[in-house]
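# model the following, please.
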Amino acid sequence: MQHAPKTLSIAQVLACGATIVTLSMGIRHGFGLWLQPITQEHGWTRETFALAIAIQNLAWGIAGIFAGMAADRFGAFRVIIVGSVLYALGLVGMAHADTPLLFALSTGVLIGMAQAGTTYAVIYGVIGRNVSAEKRSWAMGVAAAAGSFGQFLMVPTEGFLIGHFGWQEALVMLGAASLLMIPLAWGLREPTFGGATAAPREQTILQALREAIKYPSFQLLMAGYFVCGFQVVFIGVHMPSYLKDKGLSPQVASYALALIGLFNVFGTYAAGVLGQKMQKKNILAFIYFARAIAISLFLLAPLTPTSVYVFSSVMGLLWLSTIPPTNATVAQIFGVAHLSMLGGFVFFSHQIGSFMGVWLGGYLYDKTGSYDIVWYIAIGLGVAAALINLPVKESAINRTLPRGAVTP
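Next comes the predicted model:
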């Protein structure tokens, strides 16, 4: 008699996975604080910095596909260890890079690959394999909320480190902190990897990928996620400089990013809980449309610290709250055997959007002296994403097994 594969406890998965996401996403969310210190130190344009962050997002997206494949095949434990080491190397390289090329390689390629192995696609694969479908959306919301708490916790910490130790030393300290993900990864060692009871697979990687790419709802989820990446990375990286250009103090920007992180703790958790009770496509449509409204009102209102904090709080509720319903929908449609890989593909679309948002912000600022055009693009894309998600079909795909295949 074949026994069901052993799984990790929900508490263990969430404690270790959420803490890893807290560190990885928390460090990443503060990179906008380094834009002006680094460009002023080296005499670079904002586009130079923005291009490196854009490359980071693209590298994250590309590497995320392969990190997901590796995590589905060999387990998240090994992938997270590699990602942690790459994170440390990338942050130290970011601190000491003295040419745009070296800066792009360390800040862009190394850190991007590191984030691929230490964030949502990999962690959500563990959740999918170890948490029942009845609690999966909720658990993904908890993990996403941890990433938001990381932003709330780490962004002010990074601002403090820059102010007291200098921007280079602050990056080296964060590099050391990123190595803490290695012992945490030990708690995500799944007994089904390396043993006789692997996760059931009725498809090869190529079969699963071919099925998903051709499925219209998967295409719509990818299109919506492109918009998510464009909006959040543009705002996260460029808003500190936008506010400083408008005469507000750097502390306002730090508090604004921290508020986004704080309120997204509630937003992502709520999205995960609601995903168990209502159609996830409607949650996604609401989030994207609400973002478009929030940005529009922010641009129309007089710019003051108060208006910035209100905007940041509202955007925080909507910030990463797309992640639980998007990934839970992928799991609901296609199952969990290849969840990290498929989540990686959806996230690749997110990162193409991130690349465009952060790079276009720097490029158009250098060309026009203003971020206005990119703000308007973000509004239009938000409306489009809301409409794109409405036709998504969330029910499990009607899969016809290849001849001779055995249903697990």
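# model confidence over the host helix or strand of Leu360, on average?
Per DSSP states H and E: Leu360 is located in helix 339-368. Averaged across helix 339-368, pLDDT comes to 88.
# and for Gly117, nearest residue in space, chain neighbours not counted?
Gly83 (2.6 Å; C-beta to C-beta, 6 or more residues apart in numbering). Any C-beta I mention is one placed from the backbone N, CA and C, and that applies to glycine too.
# ramachandran angles for the one you found?
phi -60, psi -40 (degrees, to the nearest 10).
# equivalent analysis for the one 3 residues further on, please.
Reported as degrees, to the nearest 10, the phi and psi values for Leu86 are phi -60, psi -40.
# and for Ala97?
phi -70, psi 130.
# sticking with the closest residue to Ser106 other than its chain neighbours, tell me its helix or strand.
Setting aside the residues directly before and after it, Ser106 is nearest to Gly93 in space (C-beta to C-beta, 6+ apart), at 2.8 Å. In this structure, Gly93 sits in helix 76-96 according to DSSP H and E.
# distance between the helix or strand just after that helix and the chain's centre?
Later in the chain than helix 76-96, the nearest helix or strand by DSSP H and E is helix 100-103. Averaging C-alpha positions (C-alpha atoms, centre = their mean, to the nearest Å) puts helix 100-103 24 Å from its chain's average.
# cool, and stretch 75-95?
16 Å.
# only C-alpha atoms, please: export that stretch in PDB.
Output of stretch 75-95 as PDB, limited to C-alpha atoms (Å, rounded to 0.1, in the frame of the first residue of the first chain):
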ATOM      1  CA  GLY A  75      13.200  21.100  -3.400                       C
ATOM      2  CA  ALA A  76      13.300  24.700  -2.200                       C
ATOM      3  CA  PHE A  77      16.100  24.100   0.300                       C
ATOM      4  CA  ARG A  78      19.000  23.900  -2.200                       C
ATOM      5  CA  VAL A  79      17.600  26.800  -4.300                       C
ATOM      6  CA  ILE A  80      17.300  29.100  -1.300                       C
ATOM      7  CA  ILE A  81      20.900  28.400  -0.200                       C
ATOM      8  CA  VAL A  82      22.200  29.400  -3.600                       C
ATOM      9  CA  GLY A  83      20.000  32.400  -3.700                       C
ATOM     10  CA  SER A  84      21.200  33.600  -0.300                       C
ATOM     11  CA  VAL A  85      24.900  33.400  -1.300                       C
ATOM     12  CA  LEU A  86      24.200  35.300  -4.500                       C
ATOM     13  CA  TYR A  87      22.400  37.900  -2.600                       C
ATOM     14  CA  ALA A  88      25.300  38.500  -0.300                       C
ATOM     15  CA  LEU A  89      27.800  38.700  -3.300                       C
ATOM     16  CA  GLY A  90      25.500  41.000  -5.200                       C
ATOM     17  CA  LEU A  91      25.100  43.500  -2.300                       C
ATOM     18  CA  VAL A  92      28.800  43.600  -1.700                       C
ATOM     19  CA  GLY A  93      29.400  44.100  -5.400                       C
ATOM     20  CA  MET A  94      26.800  46.900  -5.500                       C
ATOM     21  CA  ALA A  95      28.700  48.600  -2.700                       C
END
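# how about low-confidence regions in the stretch 251-400 of the chain?
Low-confidence segments of the stretch 251-400 of the chain, defined by pLDDT under 70: 399-400.
# re earlier: isn't the residue nearest to Gly117 right up against Gly112?
No: distance between Gly83 and Gly112: 10.5 Å, which falls outside the contact criterion (C-beta atoms under 8 Å).
# could you look up the SS state of Pro391?
coil (DSSP: H, G, I helix; E, B strand; the rest coil).
# burial measure for it, as a count.
For Pro391, the count of nearby residues is 10 (other C-beta atoms under 10 Å).
# which ones are touching it?
216-217, 220, 281 (C-beta atoms under 8 Å, 6 or more residues apart in numbering).
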